[in-house]
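Participant: Following is a predicted model, sequence given first.
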Amino acid sequence: MEQIYTIPVGEAFDEVGQKPECGCPFCVLYRRLQNDEIDIILGASMMEPDIRMKTNEQGFCLTHYNIMLRRKRMLGMGLMLESHLAEVEKKIEGPTLLGNKVQASVAALGKLESDCYVCSRIDRNLSAMIATAVYLFESDLDFPKRFAGAPYFCLPHYSRMMEYASKKMSKRAFRDFYDVAHGIESKYVKSLQGDVSWFCKKFDYRYDEEPWYNAKDSVYRSIKFLSGDPGVDD
């Protein structure tokens, strides 16, 4: 396990433990990774040949194009798009070698549609951070308490974490890990269900005079729980 991830993982769990409104610790890590990657790609590194080659080949998803646009570094984006469009043109035209150019072109464009340089970088690092959290739970005596302080895990990251842990942890360690993680998740989803139900009741005139309690933002919190919270660019 790479030690470089232990500090950011620990910091994310400490942050959500102190500020539950920050949500899923892996979403916190995702947002940090996303911000760092956008800063890097719009900085001097955009002209580095190895990075430029990858961005030419992969391009970016709409979410990350929009984040980059909000940074207003238009010359850098123009330069990346100029060379990326040249690669796209090649895919549209198909290979020069003999064969079914139409099928090859469609396959290449289909792959491009689901690709993003920033997403792939984030995914690789986040996978290592999820693995680090699982490793620390089993090997660091202090970490299980910090882990237990998480308010919840968003559903995508919870599923990903549990799948990894079930394969990599010893059976005994996984039982302990599952009890804590499942307890956090079960408690939160029941609380969220109650808040959403109350939110819906508040639209009935019979509940008009009743307080909102914790339900006003329950729709937004439900979406963050179900889909993750990648955040927005400041």
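Facilitator: Yes, it's here.
Participant: Per-residue pLDDT of the residue lying closest to Ala128 once chain neighbours are set aside, please?
Facilitator: Once flanking residues are discounted, Ala128 sits nearest to Tyr5: 5.4 Å by C-beta to C-beta, 6 or more residues apart in numbering. In this view, the C-beta of every residue, glycine as well, is placed from N, C-alpha and C. As predicted, Tyr5 sits at a pLDDT of 94.
Participant: Could you tell me how many residues sit around Asp208?
Facilitator: Counted by other C-beta atoms under 10 Å, the residues lying close to Asp208 total 8.
Participant: returning to what we had before: is it true that the residue nearest to Ala128 touches Tyr135?
Facilitator: No: with contact defined as C-beta atoms under 8 Å, Tyr5 and Tyr135 do not form a contacting pair (9.1 Å).
Participant: what's the helix or strand for Val189?
Facilitator: Per DSSP states H and E, Val189 falls inside helix 171-201.
Participant: which secondary structure elements does that helix contact?
Facilitator: Identification of packing neighbours for helix 171-201 by 3 or more C-beta pairs under 8 Å, 6 or more residues apart in numbering; DSSP states H and E yields helix 117-139, helix 143-148, helix 155-168, helix 218-227.
Participant: do that again at 7 Å, thanks
Facilitator: If contacts are counted by 3 or more C-beta pairs under 7 Å, 6 or more residues apart in numbering; DSSP states H and E, helix 171-201 sits against helix 143-148, helix 155-168, helix 218-227.
Participant: Which among those is found nearest to Ser114?
Facilitator: Distance to Ser114, taken as C-beta to C-beta, is lowest for helix 155-168 among the helices and strands packed on helix 171-201, at 16.4 Å.
Participant: Now the closest one - C-alpha only, PDB.
Facilitator: The C-alpha trace of helix 155-168 is given here as PDB (Å, rounded to 0.1, in the frame of the first residue of the first chain):
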ATOM      1  CA  LEU A 155     -23.900   4.900  -2.500                       C
ATOM      2  CA  PRO A 156     -21.300   4.600  -5.400                       C
ATOM      3  CA  HIS A 157     -18.400   4.900  -3.000                       C
ATOM      4  CA  TYR A 158     -19.900   2.600  -0.400                       C
ATOM      5  CA  SER A 159     -20.500  -0.100  -3.000                       C
ATOM      6  CA  ARG A 160     -16.900   0.300  -4.400                       C
ATOM      7  CA  MET A 161     -15.400   0.300  -0.900                       C
ATOM      8  CA  MET A 162     -17.300  -2.800   0.200                       C
ATOM      9  CA  GLU A 163     -16.500  -4.700  -2.900                       C
ATOM     10  CA  TYR A 164     -12.800  -4.000  -2.500                       C
ATOM     11  CA  ALA A 165     -12.800  -4.800   1.300                       C
ATOM     12  CA  SER A 166     -14.700  -8.100   0.800                       C
ATOM     13  CA  LYS A 167     -11.900  -9.300  -1.600                       C
ATOM     14  CA  LYS A 168      -8.900  -7.900   0.200                       C
END
